[in-house]
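Participant: how would this look folded up:
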Amino acid sequence: MSITLGADAKVEADETLTASLSNLTVPTVDASNIDITDDATVTITNDDAATLAIDDVSVTEGDDGTAALAFTVTLTGEVDQSVSVDFATADSTATTAGNDYVANSGTITFDGTDGETEAISVSANGDNTEEFNELLKVVLSNISAGGLNVSLSDATGIGTINDDDATDPGVTLSAGGIDSTSSDPIAVTVTFTEAVTGFTLTDVTLTGGTGSNLVTTDSITFTFDLSADADGTLTAAVAADAVDDLFGNGNTVSNTLTIVSDQTAPTGFTVSIDQAVITATNDDALSFTFAGAEVGTTYRYTITDEAAGSTTEASGTISTATDQITGVDVSSLTDGTLTLSVTLEDALGNVSTAQTDEVEMDRTGPTGFTVAFDPTAYDASNSNNVGFVISGGEADATYAYTISSSGGGDDLTGTGTMTSSDLTLTGLDGTGLGDGTLTLSVVLTDANNNVGGTQTATATKLTIPTATTDATTDITFNSATLNATVNAQGASMTVTFELADNDQFTDATTLTAAESPVTGATDVAVTAEAANLDFETTYFARVIVNNGTGGDIVGNTVSFTTEAVTEPTLTDLTGTVEEDGTLALSQAQFVGAFTLISGDPLNTVRISTLPSNGTLQVSGTTLSAGDVIDAPDLDGLAYVPNADYNGEDSFTWNAEGVGTFAASDANYTITVTPVNDAPTIAAISDREGEPDTPISGIVVSIGDVDGDLDGLTVSASSDNIIVIDQTLISFAGTGGDRTMTLTPANDGEAEITVTVSDGELTASTTFTLTVVSGEVIQPFIPNLFSPNDDGVNDTWEILNVELYDSFRIVAFDPDTKTVVYELSSGDAIEYWDGNLNGVPVEDGPYSYVMIFSQNGNTERVQGTVNLRRSLNR
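Facilitator: Residues are numbered from 1 along each chain as shown. Predicted coordinates:
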């Protein structure tokens with residue numbers, strides 16, 4: 001069956017039709033037996049499409065109000081029902097926030113006619129702002145066409161808002177100041193009201209100078225350096241339309257910048273200080289005078305001292321070329337050279353080179369000088385030649401001096417002029433000055449009449465000898481040293497002492513001083529030794545000075561008392577005692593070694609130091625250092641030497657009779673004579689053994705406090721000669737350790753007595769020997785082991801060692817004799833693992849020796865064990 005369809009371009013939904021059969025005719029068959037009721041449905045699929053598109057538009061914004069952007073949306077293609085689409089504005093360079101346009105959105109609907117259009121209007125806001133053209137968008141979305149094939153061929157419309165503003169940029173020129181006194185370039189600023197393009201220095205009209213170094217960071221503000229060609233007026237300006245703003249608007253004409261350039265400072269003037277010197281009378285009135293100064297300029301001056309660097313400064317205006325500046329106060333500055341420095345500055349600020357002058361300021365009298373008498377002591381020999389020295393003074397200064405005495409008399413005065421900083425003046429007659437302290441006062445006045453401080457010095461004048469009896473020294477019970485100080489005041493004087501037991505010096509003894517005669521004019525210490533004095537007696541002494549003409553000068557009287565005699569004199573004692581004996585000391589011994597001039601008897605004895613090799617005892621009680629023993633108890637005093645000690649020993653002692661011990665200790669020396677001591681022998685433990693089997697290595701320890709151990713003899717005896725007789729006992733060795741070997745003959749028990757003898761005395765010890773027959777179990781010693789950690793035969797395991805009373809096994813390298821393994825009874829049993837100190841030894845044969853004991857029997861075996869970590873080689 002064939003169906004012919006009609007074609008069209010309309011967008012529509014798919015359509016259906018039905019094909020039915022009827023009027024069936026079958027010539028040979030009954031038609032009622034054939035079912036033709038099943039209809040056929042035919043679907044006509046729509047293959048047409050339609051599109052929507054929005055156009056682009058523009059509008060001029062205007063200065064105020066709004067201007068409409070009229071967008072058109074066009075339907076292309078026929079649709080058999082209505083079609084709708086949403087729209088909305090969107091920012092681009094134009095923004096609603098910038099008030100460039102009014103946002104709009106909504107839905108437009110089409111009837112479905114091909115070529116049908118709908119309008120969308122967007123309002124652009126007018127303004128007077130010069131700006132670039134701006135863009136906004138209208139966006140289509142969400143087509144509603146009942147599911148028909150309608151799409152967006154251009155979903156975005158661009159709206160252009162054309163700016164219609166045109167403001168010419170203004171321009172202003174400025175500089176830091178309107179005048180210039182520097183040869184450096186002047187910084188000029190060119191400021192536009194908005195950004196411009198293409199501005200260069202050629203756009204600036206200059207007179208009297210040259211521009212350079214044009215710089216900008218924002219195309220609005222520009223700077224350049226303007227250098228003057230010479231003193232005079234400089235101008236700068238920018239003509240109209242020299243540059244354009246970003247919208248092509250030319251600039252307006254600028255102001256004219258005018259600058260006066262004056263780079264010449266005042267010259268040709270001098271200054272001079274009017275005073276020849278500044279003193280204390282004019283230090284507040286210094287003045288100075290100009291010559292050739294430029295009228296109308298400003299002067300500035302400083303006055304500086306050279307010592308402290310302090311400054312006085314001021315300024316003013318020049319009214320005449322020869323102005324004088326007066327009343328300058330420099331009193332705060334330091335004496336020395338003052339330096340005046342003056343500059344002139346013209347009206348444009350040009351500052352001249354400083355002009356200077358100097359003047360000395362001296363307001364201080366001479367200081368820092370010293371005076372001194374030379375010499376500093378006067379007597380009858382030189383009081384007519386007084387002199388003094390001035391040191392560190394000032395040349396050309398005037399000096400004035402006065403010399404007076406504390407003893408009165410006529411003062412010495414005088415004046416003169418210093419020819420240098422030091423002066424020595426001699427030959428002044430001081431005989432009219434009284435004895436005493438002389439005082440020199442000196443004042444210096446410098447050439448500027450500055451008076452310095454007064455300096456003083458002192459000296460002594462003594463023409464009468466002096467004698468002072470000083471305290472007596474070195475006083476003992478029968479002697480003393482007499483002392484005095486004398487001054488002969490330039491003469492020669494005999495010096496003696498008077499000594500008596502009364503202050504009237506009746507029956508006095510005269511002693512000549514060891515230093516007599518005394519000469520010169522200085523104090524001299526003199527002495528005399530007084531001997532054979534009585535103890536506990538008061539004596540009186542005085543010094544006497546005589547010039548040989550009968551004129552004695554008697555010193556003051558001093559007294560002293562000789563000491564009481566309470567300190568005894570001791571003599572050393574000696575004694576002898578035999579070794580290990582006791583030395584009895586007695587009161588009579590100590591009384592015989594004790595002497596006291598007063599005749600008082602011995603009262604107590606003090607043990608100062610103890611003997612080194614013994615003890616001191618009183619009636620059996622041991623003494624300590626510092627113990628004091630009453631005289632009667634000395635008969636119970638004894639010295640006990642240390643056991644077996646012989647030689648010399650000692651202790652020190654002291655004693656008193658009336659409470660005062662001697663100044664030095666006395667010695668008690670004891671000789672301990674030697675005696676023969678019996679030797680000693682250490683106990684020997686019991687032994688067990690078998691017949692005919694030697695028991696060797698038995699240590700016999702002997703000793704003798706008298707020494708010579710090699711001279712001792714050792715012997716042994718047996719109480720059972722059936723078991724062992726003394727012929728089967730032997731000894732070896734020398735000194736204090738001997739060794740004994742026993743060779744039993746039969747089973748049984750015997751007491752063995754070992755005796756040591758020094759030839760006179762003996763010592764013995766006894767032990768028991770038990771002899772029992774028996775066989776020794778032999779050890780099993782492998783001759784091969786393989787320490788390769790395979791768990792089989794990894795150690796050299798020796799069997800039966802735990803059965804022995806004692807044993808020792810040593811394995812060693814047969815070539816180097818280095819011991820590689822050692823095990824003894826008492827050690828924790830650890831068999832050899834093939835290492836030495838944790839380091840594996842080389843494979844190969846190693847020798848061994850084993851000594852073992854059982855039931856008193858000792859045997860020795862030796863052999864070779866092979867170490868093979870790999871049994872394949």
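
Participant: neighbours of Thr221, just the number please.
Facilitator: Neighbour count of Thr221, defined by other C-beta atoms under 10 Å: 13. C-beta here means a position set from N, CA and C on the backbone, and glycine is covered the same way.

Participant: State the helix or strand in which the closest residue in space to it that isn't next to it in sequence lies.
Facilitator: Among residues not flanking Thr221 along the chain, Thr191 sits closest, at 5.2 Å (C-beta to C-beta, 6 or more residues apart in numbering). Using DSSP states H and E, Thr191 maps to strand 186-192.

Participant: Quick one: list the elements packing against the next helix or strand after that strand.
Facilitator: Beyond strand 186-192 in the direction of the C-terminus, DSSP H and E gives the next helix or strand as strand 196-197. The contact analysis (3 or more C-beta pairs under 8 Å, 6 or more residues apart in numbering; DSSP states H and E) places strand 196-197 against strand 244-245.

Participant: Not counting the strand it packs on itself, show me its contacts.
Facilitator: With contact meaning C-beta atoms under 8 Å, 6 or more residues apart in numbering, strand 244-245 is reached by Glu130, Thr167, Asp168, Pro169, Phe192, Glu194, Ala195, Val196, Thr197, Gly198, Gly250, Asn251.

Participant: For the residue nearest to the spatial centre of the chain, which non-adjacent residue is closest in space?
Facilitator: By C-alpha atoms, centre = their mean, the mean C-alpha position of the chain lies nearest to Ala308, the distance being 38.8 Å. Nearest residue to Ala308, sequence neighbours excluded (C-beta to C-beta, 6+ apart): Thr334, at 4.5 Å.

Participant: check contacts around the one you found.
Facilitator: Asp305, Glu306, Ala307, Ala308, Ser310.

Participant: For the residues you listed, work out which two are farthest apart.
Facilitator: Taking C-beta to C-beta, the two most distant members of the contacts of Thr334 are Glu306 and Ser310; they sit 9.9 Å apart.

Participant: partner residues bridging the nearest residue to Ala354 once chain neighbours are set aside?
Facilitator: Distances taken as C-beta to C-beta, 6+ apart put Ser341 closest to Ala354, at 4.6 Å, once the chain neighbours are dropped. In this entry, Ser341 is beta-bridged to Thr302, Thr356, by DSSP bridges.

Participant: any idea how far Ser341 is from Glu498?
Facilitator: 84 Å (C-beta to C-beta, to the nearest Å).

Participant: neighbour-wise, which of these two wins?
Facilitator: Set Ser341 next to Glu498 and count neighbours by other C-beta under 10 Å: Glu498 wins out with 19 against 16.

Participant: State the distance from the residue lying closest to Val861 once chain neighbours are set aside to Tyr821.
Facilitator: Nearest residue to Val861, sequence neighbours excluded (C-beta to C-beta, 6+ apart): Met850, at 5.0 Å. Distance, Met850 to Tyr821, using C-beta to C-beta: 11 Å.

Participant: With Ile721 instead?
Facilitator: Counting by C-beta to C-beta, the separation of Ile721 from Tyr821 is 45 Å.

Participant: So between these two, which is more surrounded?
Facilitator: Tyr821 (20 against 14).

Participant: ok, back up a step: only whichever of the contacts of strand 244-245 are buried, select them in ChimeraX.
Facilitator: Selection of buried members from those for ChimeraX, criterion 16 or more other C-beta atoms under 10 Å:
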select :130,168,169,192,194,196,251
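
Participant: still on that earlier bit, please enumerate the shared neighbours of Met850 and Tyr821.
Facilitator: Taking C-beta under 8 Å, 6+ apart as the criterion, Met850 and Tyr821 both touch Ile809, Val810.

Participant: related to what we said a few turns ago, switch the contacts of Thr334 over to CSV; also include pLDDT and distance to Gly838.
Facilitator: Listed next are those as CSV, based on pLDDT from 0 to 100; distance: C-beta to C-beta, whole Å:
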residue, pLDDT, distance to Gly838
Asp305, 91, 90
Glu306, 86, 88
Ala307, 79, 87
Ala308, 72, 86
Ser310, 71, 88
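
Participant: Would you mind checking these for buried ones?
Facilitator: The neighbour count (16+ other C-beta under 10 Å) marks Asp305 as buried among these.

Participant: What does the residue nearest to the centre of the chain show for phi and psi?
Facilitator: Main-chain torsions, Ala308, degrees, to the nearest 10: phi -100, psi -10.

Participant: separation between the spatially closest residue to Asn866 that is not a sequence neighbour and Gln778?
Facilitator: Excluding its sequence neighbours, the residue lying closest to Asn866 (C-beta to C-beta, 6+ apart) is Leu784, at 4.7 Å. Here the criterion is C-beta to C-beta. By it, Leu784 lies 18 Å from Gln778.

Participant: If anything else comes up later, I'll come back, but that's it for now.
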